[in-house]
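Engineer: Just to be clear, the model below is a prediction. Sequence and coordinates:
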Amino acid sequence: MSQDKSQRLAGNALAAASMVLWSTSFPATDIILQTWHPLATAIGRLGIGALGLLPLMWWQGNISDVIHGPWKKVFRAGGLSPGIATLTLNVGMMYSNPVTAAVIVTMMPPIAFLLAVIEGEQRITVKWMVGIGLAVAGGTWASIHEDTGNLGFQGGEILLVVSVTCFAWYSRAVVRHLGMISTASATALTLFAGTLVSGAAIGLAQATGMIELYYEPTLKTFGLLFWIAAVANGYGMLLWFFAVSRIGVTISSFHQNLVPFYVMLMAVLLGGFVVLEQVYGALLVVGGVLVTQWPARRPKRAKKQPQQG
C-alpha cells in the first residue's frame with residue numbers, strides 16, 4: 001500500500017472515530033440541558049476538556065507546554081475558536097429557525113473548502129463540487145428528516161455561520177501554526193484559551209443582566225459533563241486534529257455530517273429504531289468522501305514504435 005493511500009485511510013478512520021466520540025455527547029447533553037443553561041454547559045465542556053488532556057501531556061513529557069507554550073499563537077487560534085465559535089454556536093441555536101440551523105451546521109465542507117481555495121491550497125474542480133454537494137445534501141437530509149417546518153430567518157443564523165467559519169479556521173490554524181508543540185498540547189491549550197475568552201464574555205453578560213446562568217450540580221450531571229467534556233470533546237478534538245493533519249480540513253469536515261447517523265446507531269443500541277432517512281443521508285456523505293479522494297486516472301503512456309533500420 002502506498003504511503004499516500006495509507007495516510008488517507010488513517011485520516012478517514014481518525015475522523016470517523018472523532019465523530020463517534022462527539023456523537024456520544026448528544027444524548028448526555030440533552031439530559032444536562034434539562035437543569036443547566038446552555039452557556040454554562042459550554043464553559044464546562046471547554047474547561048474540563050482542556051483539563052482532561054493534561055494526563056496525556058504529562059505522559060508524553062510535554063506538561064511544560066502549559067508554561068512555555070506559544071501562548072500568543074494559542075490565543076489567536078483558541079480565542080477565535082473554540083472561544084468565539086462556542087459562544088456563537090450556543091447563542092445562535094437559541095435564536096434560530098430549527099430547520100435553517102440544521103442546514104447551516106452541515107455547511108462546514110463548503111466553508112472549509114472555500115478557505116482552502118482562498119489560501120491557494122485547493123482548486124475548484126468538478127470532483128470537489130460533486131463531493132461537497134453530496135456531503136451537504138446527505139448531512140441536511142439526515143439532520144432535518146423529522147422537521148416538517150420551512151426555512152426561516154430569525155437572526156441567530158448569522159451567528160451559526162460565524163461559528164462554522166471560526167471552527168474551520170481554527171482547525172487549519174492548529175495544524176499550520178502550532179506544529180512546534182504536540183497535538184495533545186495544542187488541543188489542550190487552545191481549549192483552555194477558548195474557556196478564558198468565552199468565560200469572560202459570558203461573565204460580562206451575566207454581570208450586566210443580559211443573561212442569567214443556572215445549573216443544578218448533581219453527581220449525575222457532573223458525571224455526564226465529565227464524559228462529554230473530557231472524553232467526547234477533549235479526546236474527540238485530539239482525534240480530529242490527527243485526522244486534519246493527514247487528510248485536511250475539508251475532507252475531515254465531510255465526516256461531521258455523519259454525526260446524525262452515529263447518534264441514530266447509538267439510539268438503536270439502546271432500543272431505538274433505524275431511521276432510513278439518516279441511513280440514506282449517511283450514504284450520500286460517504287459517497288462525497290469517496291468521490292473527492294478517488295485517485296485520478298493516469299494517462300497511458302504511448303508505446304514506443306520500433307525503429308526501422
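Structural biologist: That came in fine, so what should we check first?
Engineer: quick one: Leu80 and Ala168 touch, right?
Structural biologist: No. Contact criterion CB atoms under 8 Å: Leu80 and Ala168 do not qualify, at 10.8 Å. Bear in mind the C-beta positions are built from the backbone N, C-alpha and C, glycine included.
Engineer: Compare neighbour counts for the two and give me the winner.
Structural biologist: Per other CB atoms under 10 Å, whichever of Leu80 and Ala168 has more neighbours is Ala168, with 25 against 20.
Engineer: got a list of what that one touches?
Structural biologist: Met108, Ile111, Ala112, Leu115, Val249, Ser253 (CB atoms under 8 Å, 6 or more residues apart in numbering).
Engineer: Identify, from the residues you listed, the entry nearest to Ala16.
Structural biologist: Ser253 (12.7 Å; CB to CB).
Engineer: show me what contacts the closest residue to Ile251 other than its chain neighbours?
Structural biologist: Sequence neighbours aside, Thr292 is the residue nearest to Ile251 in space, at 6.0 Å (criterion: CB to CB, 6 or more residues apart in numbering). Residues counted as contacts of Thr292 (CB under 8 Å, 6+ apart) are Lys127, Trp128, Gly131, Ile132, Thr250, Ile251, Phe254.
Engineer: Show me those that map onto helices.
Structural biologist: Applying DSSP state H to those, the entries found in helices are Lys127, Trp128, Gly131, Ile132, Thr250, Ile251, Phe254.
Engineer: Counting neighbours, which of the residues you listed comes out on top?
Structural biologist: Going by other CB under 10 Å, Phe254 tops those with 31 neighbours.
Engineer: Spit out the contact partners of the nearest residue to that one once chain neighbours are set aside.
Structural biologist: Once flanking residues are discounted, Phe254 sits nearest to Ala135: 4.4 Å by CB to CB, 6+ apart. Shown in contact with Ala135 (CB under 8 Å, 6+ apart): Thr106, Pro109, Ser253, Phe254, Asn257, Leu284, Val285, Gly288, Val289.
Engineer: Then Ala42?
Structural biologist: Ala42 neighbours (CB under 8 Å, 6+ apart): Thr86, Leu87, Leu89, Asn90, Ser198.
Engineer: shouldn't the second one be in contact with Ser198?
Structural biologist: Yes. Under the contact definition of CB under 8 Å, Leu87 touches Ser198, with a separation of 5.0 Å.
Engineer: shaky segments in the stretch 101-250 of the chain?
Structural biologist: When residues are selected by pLDDT under 70, those of the stretch 101-250 of the chain lie in 145-152.
Engineer: If we use 80, what do you get?
Structural biologist: 101-102, 143-155 (pLDDT under 80).
Engineer: that older thread, from the contacts of Ala42, which two are the most distant?
Structural biologist: Leu89 and Ser198, at 10.3 Å, using CB to CB across the contacts of Ala42.
Engineer: Enumerate every residue touching Tyr280.
Structural biologist: Contact analysis of Tyr280 by CB under 8 Å, 6+ apart lists Gly138, Trp141, Ala142.
Engineer: which secondary structure element contains the residue nearest to Phe254?
Structural biologist: helix 126-143 (DSSP states H and E).
Engineer: And the next helix or strand past that helix?
Structural biologist: Of the helices and strands lying after helix 126-143 in sequence (DSSP H and E), the nearest is helix 156-177.
Engineer: Please point out which parts of that next one sit buried.
Structural biologist: 156-157, 159-160, 162-175 (16 or more other CB atoms under 10 Å).
Engineer: Quick check: closest non-adjacent residue to the residue positioned nearest the centre of the chain.
Structural biologist: Geometric centre of the chain, nearest residue: Gln256, 6.1 Å, by CA atoms, centre = their mean. Computed as CB to CB, 6+ apart, the closest residue to Gln256 that is not its neighbour in sequence is Met108, at 5.4 Å.
Engineer: Please tell me I have it right and the one you found contacts Val164.
Structural biologist: Yes. Between Met108 and Val164 there is a contact under CB under 8 Å: 5.4 Å.
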